[in-house]
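Participant: what shape does this take:
(one chain, ligands or ions: 2)
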Amino acid sequence: MSAQTLTLPSPAKLNLMLHILGRREDGYHELQTLFQFLDYGDELTFAVRDDGVIRLHTEFEGVPHDSNLIVKAAKKLQEQSDCNLGIDIWIEKILPMGGGIGGGSSNAATTLLGLNHLWKLGWDHDRLAALGLTLGADVPVFVRGHAAFAEGVGEKLSPEYPEELWYVVLVPQVSVSTAEIFSDPLLTRNTPPIKVRPVPKGNSRNDCLPVVARRYPEVRNALNLLGKFTEAKLTGTGSCVFGGFPSKAEADKVSALLTETLTGFVAKGSNVSMLHRTLQNLL
Ligand SMILES: C[C@@](CO)(OP(=O)(O)O)[C@H](O)COP(=O)(O)OP(=O)(O)OC[C@H]1O[C@@H](n2ccc(N)nc2=O)[C@H](O)[C@@H]1O
Ligand SMILES: Nc1ncnc2c1ncn2[C@@H]1O[C@H](COP(=O)(O)OP(=O)(O)O)[C@@H](O)[C@H]1O
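Facilitator: Ligands and ions are numbered 1, 2, ... in the order given. Have a look, this model is predicted:
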């Protein structure tokens, strides 16, 4: 492949815990959450064009070209860096959309890092993460590429080193609206802040879980079935449900039983994103 072309991974994330501390005046919620990446995700291919045009060639059902976070990220970076180059982009999409595993945010971050490299912009991670935050609260952690404890709306990040377990991730066939969950009157919004690091054991709750489980029987069902084997948790605002295992063999065994009736996959947790591992090898 020429130096003008690049294929990069776009991993999923899990929220290993998620606490809601309160609601800000602008309606957004103050969170504390622990992000870890999965060695599992989409793959984006980029080819530089010299006419300035930005074109995503893969169609997404229900997402118009210009609303796609990949295109939005590329356009913002091109504008803010005054770059005259353009880009052709293709994606192999395997991550479910609206599943709480951050596919859209990850795609945006992979685009920012990929184009920074191909367009030779020389932006550092601080600057790319700040631009990423304007696209979504979860974009900065994907730009930085290290497992992290996040505060604020997810933008204040400190690196963390949670155990890298093997996860069974179940994908209930429903798309959960983040806005709908955050506006539910029954949502717990007053969890006291954790003040010590690393996050003490026993703080693995996701405050969104009761509201999501109440509204979505498919999520409830996945939690019940996985819960027969290990602690079953919700990532983000769902819909995906996950549980950790010490080995691939154990995760595979449980997954084989559950995926007879449900959709799901097995993936290893990783504290350094596979995107960053790939970029490191390029340098
Ligand atoms: C809660 C998390 C945890 O990772 O959930 P997932 O989306 O991954 O499930 C994320 O921070 C989500 O971030 P993101 O997906 O960027 O959310 P946005 O699209 O910006 O927000 C959708 C809507 O949810 C509400 N919202 C979102 C984040 C937040 N901290 N407080 C909120 O109240 C707002 O009403 C907002 O309009
Ligand atoms: N490249 C993209 N990949 C996935 N979703 C995208 C993308 N661009 C825009 N979207 C929109 O963002 C929504 C949330 O996407 P996603 O990040 O997959 O979910 P979540 O935030 O729940 O993890 C999707 O339902 C879709 O409408």
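
Participant: what sits up against the helix or strand where residue 55 lies?
Facilitator: Assigned by DSSP states H and E, residue 55 belongs to strand 54-56. Applying Cβ atoms under 8 Å, 6 or more residues apart in numbering, the contact partners of strand 54-56 are 49, 65, 68, 70-71, 74-75, 78, 86-91. The way it works is simple: take the backbone N, C-alpha and C, and place the C-beta from them, glycine included.

Participant: partners of it, with directions?
Facilitator: Partners of strand 54-56 in the sheet, by DSSP bridges, are strand 86-92 (parallel).

Participant: the strand it pairs with close to ligand 2?
Facilitator: No. Applying Cβ under 6 Å from any ligand atom, one finds strand 86-92 out of contact with ligand 2, separated by at least 7.1 Å.

Participant: next helix or strand past that strand?
Facilitator: helix 103-118.

Participant: ok and that following helix relative to strand 86-92, angle-wise?
Facilitator: Helix 103-118 and strand 86-92 are oriented at 140 degrees to each other (axes from the mean of the first three to the mean of the last three Cα atoms, to 10 degrees).

Participant: distance of residue 34 from residue 270?
Facilitator: Residue 34 sits 14 Å away from residue 270, going by Cβ to Cβ, to the nearest Å.

Participant: what parts of the stretch 151-283 of the chain come near ligand 2?
Facilitator: Residues of the stretch 151-283 of the chain lying near ligand 2 (Cβ under 6 Å from any ligand atom): 175, 236.

Participant: isn't residue 65 up against residue 75?
Facilitator: No. With contact defined as Cβ atoms under 8 Å, residue 65 does not reach residue 75; the gap is 10.9 Å.

Participant: report pLDDT for the residue most central in space within the chain.
Facilitator: Among the residues of the chain, the one closest to the centroid is residue 102, at 2.4 Å (Cα atoms, centre = their mean). In this prediction, residue 102 carries a pLDDT score of 96.

Participant: show me the contacts for it.
Facilitator: 12-13, 95, 138, 142, 236.

Participant: residues in contact with the next helix or strand after the strand holding residue 55?
Facilitator: Under the assignment DSSP H and E, the closest C-terminal helix or strand after strand 54-56 is helix 69-81. Residues outside helix 69-81 that contact it (Cβ under 8 Å, 6+ apart): 44, 52, 54, 56, 65-66, 83, 85-87, 89, 91, 104-105, 107-109, 111-112, 115-116, 119, 121, 123, 131-132, 134-136, 139.
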